[in-house]
Structure formats: structure tokens, C-alpha cells
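Q: Generate coordinates for the sequence data below:
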Amino acid sequence: MKDEFTTYLRDIEMDETLIRRVIQLYDAYEPIFPTTPSHIFVEDYINDEGGRVFEHLNIFADRCWLSFDSFVTQEKLNISWLGVKITIAEIDMKDYDFKHSNQRSRLTIQVNFTDQKGGILRGARNNCDYLARIIKEYFWPNSAQ
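A: All right, here's what the predicted structure looks like:
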């Protein structure tokens, strides 16, 4: 796994146990990745006690969106092809302006593809900045025109 991915995981305050889990999944499935992944994104949210909860691991490799739902306890891989046009996208943000994140920032995008299942990604705090990059680099170029 790329060093920049580990740096990202630490930047979003993921503990070492979960980082090892991400590395384990990445290494196990890497032989079937279509190309070397260029980005990873871990969905997170803030629970009622104010703690950060990490939910789904997403890996972006060329025109593939590889996602592990509930990566902490499961190993099921979902694959979406980003060459399929996005027909609907809904973006919801709170205390975020696509420039500066803070402790209250939240960002969610829901996408629907032409001929396949869509998905939802969400980020909290500084993870909004990483999600904004995913939106710009992967979802805008695949919007229906």
C-alpha cells in the first residue's frame, strides 16, 4: 500500500488497529485490482458521544470504485465501474465550503449510475477535504452530459 494512503489514514485520526485492517484488506485484494489505486477514502461520521466512527473503505483504481462495506468486520468487495455515467448526484454539506474543513464539517454525496447500483460516500471533519477531491476527480468526469 502506498505511503500516502497510510498518511491519509493517520490524518483522519484512524487508530493503528484499523490501519492494519485497511492494509490487510488492501494487500489481500491487490492482485485483482485493475491498476494501481490512486486514492483511498474511508467513510466516517461522528457518533452521539462525539467520537469518530469509520465505516466503509473505498479504493479508486483507474475507472473502478472498489468498496468494502463495514470493512472492520467484513471482507465483501463491491465493484462499480466509473466509466458508466452518473445520472443523478446529490451533495449535502454542513459547515463546509469545499475549501476549509473544521470540527463541525460534514459532506455526503449520493450518486446513481445509468446501468448499475449507485452509492453514498460521507465524510466528517478534515475527511471532507478528501471526499471533495474524490468528487472532483472521479464523479464530475463521469457525469452524464
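Q: check contacts around Ile79.
A: Neighbour list for Ile79: 64-67 [criterion: Cβ atoms under 8 Å, 6 or more residues apart in numbering]. The way it works is simple: take the backbone N, C-alpha and C, and place the C-beta from them, glycine included.
Q: Beyond the helix or strand harbouring it, next helix or strand please.
A: Per DSSP states H and E: Ile79 is located in strand 77-81. The helix or strand immediately downstream of strand 77-81 is strand 86-94, counting by DSSP H and E.
Q: which helices and strands does that next one pack with?
A: strand 106-113 (3 or more Cβ pairs under 8 Å, 6 or more residues apart in numbering; DSSP states H and E).
Q: circling back: how about CSV for the contacts of Ile79, with secondary structure added?
A: Conversion of the contacts of Ile79 to CSV gives the following (DSSP: H, G, I helix; E, B strand; the rest coil):
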residue, secondary structure
Cys64, strand
Trp65, strand
Leu66, strand
Ser67, strand
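Q: So of these, which two are at opposite extremes in space?
A: Cys64 and Ser67 (10.0 Å; Cβ to Cβ).
Q: what's the overlap in contacts for those two?
A: 79-80.
Q: burial measure for Asp129, as a count.
A: 18 (other Cβ atoms under 10 Å).
Q: what sits against the residue lying closest to Arg106 once chain neighbours are set aside?
A: Nearest-residue entry for Arg106: Lys94, 4.3 Å, with adjacent residues in sequence omitted and distances by Cβ to Cβ, 6 or more residues apart in numbering. Going by Cβ under 8 Å, 6+ apart, Lys94 touches 104-107.
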